[in-house]
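Trainee: The following comprises the amino acid sequence and a computationally predicted model.
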Amino acid sequence: MLLLCVIPLLWAAFMDWKKRIIPDWTWITILAIGGVSAFLFPEPALPERIAGFLLPGICLLLLALIYGGVGGGDIKLTAAMGFCFSLNALAAILFFALPPACIYAKATRQRNVPLAVFLCIGFFIYAGVLFIYGLTC
């Protein structure tokens, strides 16, 4: 399942870096992969996937409405990743993604950060950790 999300996630990161836009097909593809895998594989359970979809999506939406700086594509991509990988896996991906994003924002003095780039970095670190420890997702 992880490997199927590589191309849409890489494309989302590339487009977010170059044009600051995340194409809809990228997050829709990741969400569809999550939907198919929810029926094919019992783990992670559907409630954990739904929580992975709702909690980050709602939190980022509130941040966008209150403070700005979070785009709609970032919200949709993060929610799709949460559904595809589950809340726990998304928490690990964000754990690896947010420190470099904060460093980038501080170093470039930018308020808007291309979050898909850092979600992609976090995803690859997470996938690498799973590979090293012989775990599957």
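Mentor: Cool, the structure landed.
Trainee: For the protein, which helix or strand comes out least confident on mean pLDDT?
Mentor: helix 46-66 (a mean of 88; mean pLDDT, DSSP states H and E).
Trainee: List the buried residues for it?
Mentor: By neighbour count on 16 or more other Cβ atoms under 10 Å, the buried set for helix 46-66 is Glu48, Arg49, Ala51, Gly52, Phe53, Pro56, Gly57, Leu60. Yep, even glycine has a C-beta here, placed from its N, CA and C like the rest.
Trainee: go on, stretch 4-18?
Mentor: In stretch 4-18, counting by 16+ other Cβ under 10 Å, buried: Leu4, Cys5, Pro8, Leu9, Leu10, Trp11, Ala12, Ala13, Phe14, Met15, Asp16.
Trainee: Then stretch 90-104?
Mentor: Leu90, Ala92, Ile93, Leu94, Phe96, Ala97, Ala101.
Trainee: Outside of that stretch itself, list whatever touches it.
Mentor: 52, 56, 78, 81-82, 85, 110, 113, 115, 118-119, 121-123, 125-126, 129 (Cβ atoms under 8 Å, 6 or more residues apart in numbering).
Trainee: now swap in stretch 58-67 and tell me
Mentor: Residues contacting stretch 58-67 (Cβ under 8 Å, 6+ apart): Gly69, Val70, Gly71, Gly72, Asp74, Ile75, Thr78, Ala79.
Trainee: CA atoms of it as PDB?
Mentor: Output of stretch 58-67 as PDB, limited to C-alpha atoms (Å, rounded to 0.1, in the frame of the first residue of the first chain):
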ATOM      1  CA  ILE A  58     -10.500  19.400  11.000                       C
ATOM      2  CA  CYS A  59      -7.500  20.700  12.900                       C
ATOM      3  CA  LEU A  60      -5.800  22.000   9.800                       C
ATOM      4  CA  LEU A  61      -9.100  23.500   8.600                       C
ATOM      5  CA  LEU A  62      -9.500  25.400  11.900                       C
ATOM      6  CA  LEU A  63      -5.900  26.600  11.700                       C
ATOM      7  CA  ALA A  64      -6.500  27.800   8.100                       C
ATOM      8  CA  LEU A  65      -9.700  29.700   9.100                       C
ATOM      9  CA  ILE A  66      -8.200  31.200  12.300                       C
ATOM     10  CA  TYR A  67      -4.600  32.000  11.300                       C
END
